[in-house]
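A.B. asks: Fold the stuff below for me.
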Amino acid sequence: MRRKRALKVVLVVVGLLFSAAVYPLILMVKKDPALAMMMSLYVTLGIFLLLAARNPSQHRSLIAFTAWSSFAHAAVMSLAPSLSKSHRTRRTDWVRCARYHRRSTDRSGSDQAIN
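C.D. replies: Down below sits the predicted model:
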């Protein structure tokens, strides 16, 4: 009985957190459509989690999907900074190198960037 009650509480809390993404979603629609699309998925999932809190045993697949997709998202996001940092570092090194090579010394000896 306690497990079912605890599951209902967790479903309501997570459902409310996901549904609270409506406010940032409204702000992001014009700025970043891709992020707004992802936020709309979370808002929809939050609403369905709130509906599933009434009778969790009938919505086990939805609850399992929410849990596993959240774990997968956390795993990807924990790895993403290390992967993107090395990518970003390589890119900025390349950009620095390209900027250095674009600079040339004119006949007077002054260092100017080529346009």
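
A.B. asks: ok, which stretches of this protein are strands?
C.D. replies: When assigned using DSSP state E, the strands of the chain occupy the ranges 103-105, 111-113.

A.B. asks: Which one of the ones you listed has the poorest average confidence?
C.D. replies: Per-stretch mean pLDDT for the strands of the chain is lowest at strand 103-105 (a mean of 48).

A.B. asks: Which helix or strand in this protein has the lowest average pLDDT?
C.D. replies: Comparing every helix and strand of the chain by mean pLDDT, DSSP states H and E singles out strand 103-105 as the least confident one, with a mean of 48.

A.B. asks: what residues are up against M77?
C.D. replies: When contacts are counted by C-beta atoms under 8 Å, 6 or more residues apart in numbering, M77 touches no other residue. (C-beta placed from N, C-alpha, C; glycine too.)

A.B. asks: From S70, how far off is it?
C.D. replies: Summarising the geometry, the distance separating M77 from S70, computed by C-beta to C-beta, to the nearest Å, is 10 Å.

A.B. asks: And the helices in this protein, which stretches?
C.D. replies: Applying DSSP state H to the chain gives helices spanning 2-19, 22-28, 33-52, 60-102.

A.B. asks: Put together a markdown table for the ones you listed, with mean pLDDT on each row.
C.D. replies: Formatted as a markdown table, the helices of the chain follow (pLDDT from 0 to 100):
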| stretch | mean pLDDT |
| --- | --- |
| helix 2-19 | 91 |
| helix 22-28 | 75 |
| helix 33-52 | 87 |
| helix 60-102 | 72 |
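
A.B. asks: Just name the most buried of those.
C.D. replies: Using mean count of other C-beta atoms under 10 Å, the stretch among the helices of the chain with the greatest mean number of neighbours is helix 33-52 (a mean of 16).

A.B. asks: Report the distance from that helix to the chain centre.
C.D. replies: Computed by C-alpha atoms, centre = their mean, to the nearest Å, the separation of helix 33-52 from the middle of its chain amounts to 13 Å.

A.B. asks: got a list of what K4 touches?
C.D. replies: P56.

A.B. asks: And it, how far from R54?
C.D. replies: K4 is 12 Å from R54, where distance means C-beta to C-beta.
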